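Asks: attaching a predicted model along with its sequence, questions to come.
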Amino acid sequence: MKRSRVAENLFLVLQIGISMLVPILLCTAIGYFIDKKYHTKWIILFIVLGVLSGFRSVYSLVKKEINAARREEKDRPEWEKKAFDKDDKETY
């Protein structure tokens, strides 16, 4: 069964959000526990590491999806490109 494009895009948005949120929360928790145990201010460093890790994760995910979309576009038959792309170029 083929998934609809709307469902694929919804899952991609959900995956991007989770890929950004999880590293930030994990690194913040690690920094918080280190701060509580050793009475330091390492939480800021761990938050920055979490944000950078989240951005890297989102970047690689989006890059992979863009490459897949390009491959899919390249594999489309010529008649389909002409039939559907003509409507996209018209302005209303």
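Replies: Happy to help now that I have it.
Asks: burial count for residue 27?
Replies: Residue 27 is flanked by 21 other residues according to other CB atoms under 10 Å. For the C-beta atoms, the positions are set from N, CA and C on the backbone; glycine is no exception.
Asks: ok, for it, nearest residue in space, not its chain neighbours?
Replies: Among residues not flanking residue 27 along the chain, residue 50 sits closest, at 3.1 Å (CB to CB, 6 or more residues apart in numbering).
Asks: my guess is the one you found meets residue 23, correct?
Replies: Yes - in this structure, residue 50 is within contact of residue 23 by CB atoms under 8 Å, at 4.7 Å.
Asks: do you know how far residue 44 is from residue 32?
Replies: Residue 44 is 11 Å from residue 32, where distance means CB to CB, to the nearest Å.
Asks: same thing with residue 49?
Replies: For residue 49, the distance to residue 32 - CB to CB - is 13 Å.
Asks: which one of these two has more residues nearby?
Replies: The neighbour count for residue 49 versus residue 32, taken as other CB under 10 Å, is higher for residue 49 (18 against 14).
Asks: need the pLDDT of the more buried one.
Replies: Note on residue 49: pLDDT of 98.
Asks: hmm, it is touching residue 27, no?
Replies: Yes - the criterion here is CB under 8 Å, and residue 49 meets it with residue 27 at 5.1 Å.
Asks: please identify the helix or strand for the nearest residue to residue 62 once chain neighbours are set aside.
Replies: Take residue 62 and drop its neighbours on the chain: the residue closest to it by CB to CB, 6+ apart is residue 16, 7.2 Å away. Applying DSSP states H and E as the criterion places residue 16 in helix 5-38.
Asks: quick one: buried residues of that helix?
Replies: Buried residues in helix 5-38, counted by 16 or more other CB atoms under 10 Å: 16, 19, 20, 23, 24, 27, 28, 31, 34.
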